[in-house]
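[1] Fold the following and give me the result.
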Amino acid sequence: MFGRRLGNRKNRANGAGSVSLLPVPPSGGMVSCRVLDPVSEPLRHAEFTVSDANGRKVVGGEADPYGSFVATVPAGEYRIAVSADGYTPYRGKATVGENGHAALGDLSLQVAAPPSLPQPGEWEMEPMHSSIAFTARHIGLARIHGRFNTFAGAIRIAERMEQSAMHVVIDASSIDTNVKMRDDHLRSADFLDVERYPTLEFYSERFVHRGGSRWAVTGALSLHGVTRTVTLDTEYLGIGNGMEGETRAACRATTELHREDFTVSWQTMLARGIAVVGPSIKIELDVQIVAKG
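    Sure, this is the predicted structure:
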């Protein structure tokens with residue numbers, strides 16, 4: 001079991017005043033706790049997961065601004081997981097009886113050691129184990145999921161990670177939403193205009209540590225003939241070894257783009273009766289890098 005359980009502390013953790021107001025079905029009960037940092041300050045936005053004995057998620061969510069979490073669940077045995085970025089997670093068990101209240105009290109999370117950073121030097125993205133995907137709304141309706149199939153990237157890891165740099169080039173024509181007619185339209189002059197702008201490029205020399213395994217990577221994104229500043233919210237996953245023993249490092253990153261920032265006009269599309277992709281697009285990167293030979 002990770003973390004420390006500090007006890008009830010006069011019901012501050014289980015929120016006795018507010019918990020008593022929650023409606024509970026006859027066959028159910030409540031589970032509650034409060035999560036604290038090592039100096040006993042509430043860890044707001046800590047994430048909670050309550051799973052059944054088979055490991056299936058029953059309920060989950062974030063702590064409130066006071067670090068508290070309360071949920072109603074059917075009577076039974078549960079596994080509790082509590083996590084927060086930069087801290088060692090807590091894992092425990094709780095038994096909830098009918099009309100009962102499993103009050104776990106105050107849970108103290110300890111600061112986790114950050115994962116080891118890659119060695120300084122030249123690294124490159126490994127396309128077989130990396131992906132650049134996106135999600136967009138179909139003008140407020142169903143989500144459209146897609147990806148770019150062809151890309152390359154180089155990363156220079158500096159002695160101080162904050163002074164590192166990266167350059168990623170994406171083949172615009174490799175866009176793929178699994179619908180040929182839509183992909184052809186996205187490649188056309190209405191959207192990416194791949195004949196005039198064959199690549200998307202991202203270049204960054206600004207790596208900012210946000211604590212724990214979180215980094216902000218800020219750089220210039222060139223798309224559709226326009227360059228804008230974009231920040232990737234990045235989670236560094238650490239170092240491992242590949243099947244052939246080579247050292248790899250991995251990260252996940254997300255950002256949100258607004259098409260009008262890159263002169264792809266949403267209003268113009270609507271005026272022409274074209275409703276294909278909404279005005280904002282979420283970008284998700286799953287990246288593995290290997291040292292250049």
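[2] CA only for contacts and neighbour counts going forward, please
    OK.
[3] ok, residue 262 touching residue 226?
    Yes - contact criterion CA atoms under 8 Å: residue 262 and residue 226 qualify, at 5.5 Å.
[4] Between the two, point out the one with more neighbours.
    Neighbours were counted for residue 262 and for residue 226 using other CA atoms under 10 Å; residue 262 has more, 18 against 14.
[5] pLDDT score for the more buried one?
    For residue 262, the pLDDT comes out at 70.
[6] Low-confidence regions, the chain specifically.
    Low-confidence segments of the chain, defined by pLDDT under 70: 1-22, 137-142, 259, 263-279.
[7] Would you map the helices across it?
    Taking DSSP state H as the test, the helices found in the chain are 16-19, 180-187, 266-271.
[8] Just list the residues touching residue 26, thanks.
    Contacts for residue 26 (CA atoms under 8 Å, 6 or more residues apart in numbering) come out as 98-99.
[9] Just want the phi and psi numbers for it.
    With angles defined as degrees, to the nearest 10, residue 26 sits at phi -60, psi -30.
[10] Mind naming the longest strand for the chain?
    The strand spanning the most residues in the chain, taking DSSP state E as the definition, is strand 226-241.
[11] Sheet partners, orientation included, of that strand?
    When pairs are called by DSSP bridges, strand 226-241 turns out to pair with strand 214-223 (antiparallel), strand 247-258 (antiparallel).
[12] Enumerate the positions of the last one that are buried.
    In terms of neighbour count (16 or more other CA atoms under 10 Å), strand 247-258 has its buried residues at 248-254, 256-257.
[13] could I have it exported to PDB, CA atoms only?
    Extracted in PDB, the C-alpha atoms of strand 247-258 (Å, rounded to 0.1, in the frame of the first residue of the first chain):
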ATOM      1  CA  THR A 247      17.100   2.800 -24.700                       C
ATOM      2  CA  ARG A 248      13.800   4.600 -25.200                       C
ATOM      3  CA  ALA A 249      12.000   7.500 -23.600                       C
ATOM      4  CA  ALA A 250       8.300   8.200 -23.900                       C
ATOM      5  CA  CYS A 251       5.800  10.900 -23.300                       C
ATOM      6  CA  ARG A 252       2.200  11.900 -23.900                       C
ATOM      7  CA  ALA A 253       1.200  15.400 -24.900                       C
ATOM      8  CA  THR A 254      -2.000  17.300 -25.700                       C
ATOM      9  CA  THR A 255      -3.000  20.700 -27.100                       C
ATOM     10  CA  GLU A 256      -6.000  22.400 -28.600                       C
ATOM     11  CA  LEU A 257      -5.900  24.300 -31.900                       C
ATOM     12  CA  HIS A 258      -8.400  26.800 -33.300                       C
END
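[14] re earlier: mind putting the strands paired with strand 226-241 into CSV with distance to residue 163?
    CSV is the format used below for those (distance: least, CA to CA, whole Å):
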stretch, distance to residue 163
strand 214-223, 11
strand 247-258, 18
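[15] Pop the domain breakdown of the chain in here.
    The record's domain parsing of the chain by automatic domain parsing lists 4-108, 121-291.
[16] so which of those domains comes closest to residue 115?
    domain 121-291 (5.2 Å; CA to CA).
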